[in-house]
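Colleague: Model the following, please.
(4 chains)
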2 protein chains.
Amino acid sequence: MKTKDNSLKTLEQFKDEQYGKRGTSKREELETGYENFKIGALIHEARIKKGMTQEQLAIKAGTTKSYISKIENNIKEVRFTTLQKIVELGLGGHIELSIKL
Amino acid sequence: MKTKDNSLKTLEQFKDEQYGKRGTSKREELETGYENFKIGALIHEARIKKGMTQEQLAIKAGTTKSYISKIENNIKEVRFTTLQKIVELGLGGHIELSIKL
DNA sequence: AATAAAGTTATCCGATAGTGCAACTTTACG
DNA sequence: CGTAAAGTTGCACTATCGGATAACTTTATT
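Modeller: Next comes the predicted model:
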């Protein structure tokens, strides 16, 4: 459970909660890395917007709720096709991706 | 060199761009994006637009040209963070990704 | 035609994505 | 409060990504 009132978090709030409390210095990694956190935060945000639980999303996407949790918290890396599977099958949406040069 | 159609530069054209004129880059407006896409084609197109070889891209991105080739031909799956690494470090660009519900 | 650059393909193998189960914690709600 | 739903975490396991190297084919240039 993320919020008490069903409202969406900002990305900063999400980062604070997920990475600020552990004591591990993953925070610096967030700022200088490849912005991996965006994936988990994006999926989380999209799922909440659809009003789905992790388990509902997992079943639709053909995976497990534990895996969804790990992805949303950036514990596991995601293969790109897996990301597409979760978004398209699970959330009923689609990914728009562009490479800006 | 893959084909002799217009999408690929000759070696001389490439050298002109890379080592010749170091003036203002006119590539900033380049963008490669799809909704229904094969990730390999996306990377390939972006690489050609930057006038880079697979090997140059590989070195910049911290990988090998054989891996770049396999990705462009959709032989290997790509981890999302690897995709970011290739685009940001290798191509000097960035990914814009959004989930449409 | 010869040579070199660019790209493809093959193979090995350590690292890790992803599965599945289960126990645990946190939150929601009567 | 007590219960259940939602979410988190851990562990063992399998599939495969991805690094490294090298041989090979295709294309470009002289």
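
Colleague: did I read that right, A:Glu96 in a strand?
Modeller: Yes: applying DSSP: H, G, I helix; E, B strand; the rest coil, one finds A:Glu96 inside a strand.

Colleague: Tell me if I'm right that it and B:Leu97 touch.
Modeller: Yes: with contact defined as C-beta atoms under 8 Å, A:Glu96 reaches B:Leu97; the gap is 7.1 Å. Every residue, glycine included, has its C-beta placed from N, CA and C.

Colleague: More neighbours: these two, which one.
Modeller: A direct count of neighbours by other C-beta atoms under 10 Å in any protein chain shown for A:Glu96 and B:Leu97 places B:Leu97 higher, at 18 against 14.

Colleague: surely that one meets A:Leu97?
Modeller: Yes: between B:Leu97 and A:Leu97 there is a contact under C-beta under 8 Å: 4.9 Å.

Colleague: any shared contact partners between these two?
Modeller: Common neighbours of B:Leu97 and A:Leu97 (criterion: C-beta atoms under 8 Å, 6 or more residues apart in numbering or on different chains): none identified.

Colleague: A:Gly92: what's it in contact with?
Modeller: A:Lys50, A:Lys60, B:Leu101.

Colleague: What pLDDT is listed against it?
Modeller: Looking at A:Gly92, its pLDDT is 90.

Colleague: ditto for the one 5 residues further on
Modeller: pLDDT for A:Leu97: 84.

Colleague: What residues are bridge-paired with it?
Modeller: B:Tyr34, B:Leu97 (DSSP bridges).

Colleague: That one is in contact with B:Ala41, isn't it?
Modeller: No: between A:Leu97 and B:Ala41 there is no contact under C-beta under 8 Å: 11.9 Å.

Colleague: Next, count neighbours for the nearest residue to A:Ile86 once chain neighbours are set aside.
Modeller: Residue nearest to A:Ile86 in three dimensions, not counting chain neighbours: A:Ala61, with 4.6 Å by C-beta to C-beta, 6 or more residues apart in numbering or on different chains. Counted with other C-beta under 10 Å, the burial measure for A:Ala61 works out to 19 neighbours.

Colleague: on that earlier part again, neighbour-wise, give me the winner out of the contacts of A:Gly92.
Modeller: Neighbour max across those (other C-beta under 10 Å) = A:Lys60, 16 neighbours.

Colleague: quick one: contacts for it?
Modeller: With C-beta under 8 Å, 6+ apart, A:Lys60 has these contacts: A:Met52, A:Leu89, A:Gly90, A:Leu91, A:Gly92.

Colleague: hmm, 10 Å instead?
Modeller: A:Met52, A:Lys85, A:Ile86, A:Glu88, A:Leu89, A:Gly90, A:Leu91, A:Gly92 (C-beta atoms under 10 Å, 6 or more residues apart in numbering or on different chains).

Colleague: can you check A:Ile39 too?
Modeller: Here A:Ile39 is in contact with A:Ile71, A:Glu72, A:Asn74, A:Glu77, A:Val78, A:Leu83, A:Ile86, B:Phe80, B:Thr81, B:Gln84, B:Leu97 (criterion: C-beta under 10 Å, 6+ apart).
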